[in-house]
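Colleague: okay, predicted coordinates and the sequence, questions at the end:
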Amino acid sequence: MVELVNVSKSFDGRQILKNVNIKFAQGKCNLIIGLSGSGKTVLMKTLVGLHKPDYGDVLYDGKAFNKMSASGQIDVRKYIGMVFQAGALFDSMTIEENVMYPIRMFQKTSYPKMLERVNFSLERVNLKGVNKMMPSELSGGMKKRVAIARAIAAKPKYLFCDEPNSGLDPQTSILIDELIYDITHEYNITTIINTHDMNSVVEIGEQIYYLHKGELWWQGDNENVLNSDNKELNDFVFCTALTKKIKQQSEKK
Amino acid sequence: MLVLRRFLIEFGAYLLLMKEAFRKPQNMHIFKRQMLHEMDALGVKSIPIVCVISIFIGAAVVIQMILNLDSPIYPSWIYGFASRKSLVLEFAPTVISLILAGKCASMIASEIGSQRISEQIDAMEVMGVNTANYLILPKIFACLVFFPLLIILSIFIGLIGGGVGGLINGLSTFHYIEGLRMEFAVYDIVYAIVKTALNAIVISSIAAFRGYTMKGGSVEVGIQSTKAVVQSSAIIMLLNLLMTNLFF
């Protein structure tokens, strides 16, 4: 289980996260939503240990990750997969080498077995025959799928996705959402996703956390996110023309 | 005072990064592969530029010797002797190190810097990779092993260039080779290798530090690459002065 306990984080005297307490639902899609600059990315980077909290703890199965030794952190990180906003694929490596990287680095497995796992991961994200291609030869959606394949290649217990469908067309966004949702349930992974895509919120948000100016403002699921009386959340959720229209229609009914 | 404070902060950060880099590699097989790759990128691919620079420097040094020591009181072997001393002790280890600083420091800083700004380093860290060790140590080792070999090659090519330059200016090959062999001291070669090894560490580690600690966007890649070249060149010159004073 992943948990944040009283986590605060500042940069150059500017407080980004203020006393955040979250217990993420195990084996489910947890969505962190909020406006740009609300602290979502800092929260995610704090969760995976790229930022150290000024106060508070990040707990993995009850153990404070931020207080562990370097070797202790590495042991936890072997079970973490992360999909970065821009994919963060290693541009000097082929797709096969990218997906194989976490396995090759930490697991003593033969090459055929590694290749088998790479092919399985690529097939799982509906990418076949791209093994020898370079990341620069792929489209934005394909890069995201390779990043997901790399994240699941080493069989993680926790999957973190930082805005997985930013910069993608609506159809590809839906495919990526469905893929993340399916993988989460197929392998019983605890998935934590940063997003401000309302479609993702409605479709895969089993547990939703709304961040507002670095504070946890609201939490719930995709059933009650549309019916909340929280003003800031409603301003965020119903800011697009489409969501406004849906709300007006439901109010008329 | 502010400059000193900034220098101390940066120097501290540099030492901490090197402490992380000089750890036992997490996967020795990948480390060896990375090192061979870096030897090719930083060493083998520098051979052409080293050869070109060395042949011209060698020729220019001998021509200068002939022009400036043009007196009947000097023995005919003096040109080969003085050129060898100049090439082995100064021109090859220092000038070629400066050339390598220009080529390799900018390459290392921009490569690591680009990986930093495109979140590739973050991606590795999340996986549990000691990125300082994985990215920096193979580069330092590759430079440490290959740069001295390049300097030996540079000395050899430089002396050939000197022979050609001398021949064109009327110096007989016999007298030139006689000068090259006169009072040959292995110590000079050892000194050149040690100096180059130190320069290799300076070039690779400073460039890696500049790239690794980069913040910002693509403009910063250029700025930090330039800083890597300027700072490593300045330290090479400082080291050269210190070593010349200490060992001679």
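Modeller: On my side now, so go ahead.

Colleague: okay, CA-based contacts and neighbour counts for the rest of this
Modeller: OK.

Colleague: what kind of secondary structure is the residue nearest to the spatial centre of chain A in?
Modeller: When C-alpha atoms, centre = their mean is applied to chain A, the residue found nearest the centroid is residue A:161 (1.9 Å). Secondary structure, DSSP: H, G, I helix; E, B strand; the rest coil: residue A:161 is strand.

Colleague: tell me the contacts of it?
Modeller: A:82-85, A:191-194 (C-alpha atoms under 8 Å, 6 or more residues apart in numbering or on different chains).

Colleague: same question for residue A:124.
Modeller: residue A:149.

Colleague: the residue nearest to the centre of chain A and chain B: what is the separation?
Modeller: 12 Å (C-alpha to the nearest C-alpha, to the nearest Å).

Colleague: tell me the pLDDT at that residue?
Modeller: Here the pLDDT value assigned to residue A:161 is 93.

Colleague: again, but for residue A:253
Modeller: At residue A:253, pLDDT is 68.

Colleague: tell me which element the spatially most central residue of chain B is part of?
Modeller: By C-alpha atoms, centre = their mean, chain B has its centre lying nearest to residue B:97, at 3.0 Å. If you go by DSSP states H and E, residue B:97 is part of helix B:96-100.

Colleague: what's in contact with that helix?
Modeller: B:46, B:50, B:53-54, B:151, B:154, B:196, B:199-200, B:233, B:236.

Colleague: tell me the phi and psi of the closest residue to residue A:128 other than its chain neighbours?
Modeller: Nearest residue to residue A:128, sequence neighbours excluded (C-alpha to C-alpha, 6 or more residues apart in numbering or on different chains): residue A:122, at 6.3 Å. Taking degrees, to the nearest 10, you get phi -70, psi -40 for the backbone angles of residue A:122.

Colleague: isn't residue A:122 up against residue A:149?
Modeller: Yes - contact criterion C-alpha atoms under 8 Å: residue A:122 and residue A:149 qualify, at 5.6 Å.

Colleague: show me which residues of chain B are close to chain A?
Modeller: Neighbours of chain A within chain B, by C-alpha under 8 Å from any C-alpha of the partner chain: B:26-27, B:30, B:115, B:118-120, B:122-123, B:125-129.

Colleague: can you tell me the closest non-neighbouring residue to residue 54?
Modeller: Went with chain A since none was named. Using C-alpha to C-alpha, 6+ apart, the closest residue to residue A:54 is residue A:9 (5.1 Å).

Colleague: please refer instead to chain B.
Modeller: Setting aside the residues directly before and after it, residue B:54 is nearest to residue B:158 in space (C-alpha to C-alpha, 6+ apart), at 4.6 Å.

Colleague: list the contacts for the one you found?
Modeller: Here residue B:158 is in contact with B:51, B:54-59, B:87, B:92 (C-alpha under 8 Å, 6+ apart).

Colleague: what's the farthest-apart pair in the contacts of residue A:161?
Modeller: For the contacts of residue A:161, with distances taken as C-alpha to C-alpha, the pair at the greatest spread is A:85 and A:191 (15.2 Å).

Colleague: ok, those two, which is more surrounded?
Modeller: residue A:191 (28 against 20; other C-alpha atoms under 10 Å in any protein chain shown).

Colleague: the more buried one bridge partners, please.
Modeller: residue A:29, residue A:159 (DSSP bridges).

Colleague: read off the pLDDT value for it.
Modeller: Residue A:191 is given a pLDDT of 94.

Colleague: surely it touches residue A:184?
Modeller: Yes - between residue A:191 and residue A:184 there is a contact at 6.3 Å, judged by C-alpha under 8 Å.

Colleague: common neighbours of those two, please.
Modeller: With C-alpha under 8 Å, 6+ apart as the test, residue A:191 and residue A:184 both reach A:27-29.

Colleague: just to revisit the earlier point, turn the contacts of residue A:161 into a markdown table, including distance to residue B:215 and secondary structure.
Modeller: Compiled in a markdown table, those are given as follows (distance: C-alpha to C-alpha, whole Å; DSSP: H, G, I helix; E, B strand; the rest coil):
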| residue | distance to residue B:215 | secondary structure |
| --- | --- | --- |
| A:82 | 21 | strand |
| A:83 | 21 | strand |
| A:84 | 17 | strand |
| A:85 | 17 | coil |
| A:191 | 29 | strand |
| A:192 | 26 | strand |
| A:193 | 25 | strand |
| A:194 | 23 | strand |
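
Colleague: nearest to residue B:204 among the residues you listed?
Modeller: Checking those one by one against residue B:204 (C-alpha to C-alpha), the nearest turns out to be residue A:84, at 28.9 Å.

Colleague: what's the burial count for the closest residue to the closest one other than its chain neighbours?
Modeller: Of all residues not flanking residue A:84 in the chain, residue A:162 sits nearest, at 5.2 Å (C-alpha to C-alpha, 6+ apart). Residues contacting residue A:162 under the criterion other C-alpha under 10 Å number 21.

Colleague: likewise residue B:219?
Modeller: Neighbour tally, residue B:219, other C-alpha under 10 Å: 8.

Colleague: could you say which helix or strand holds it?
Modeller: Remark: residue B:219 resides in helix B:218-247, with elements defined by DSSP H and E.

Colleague: buried sites along that helix?
Modeller: Under the neighbour-count criterion of 16 or more other C-alpha atoms under 10 Å in any protein chain shown, helix B:218-247 has B:220-221, B:224-233, B:236-237, B:239-240 buried.
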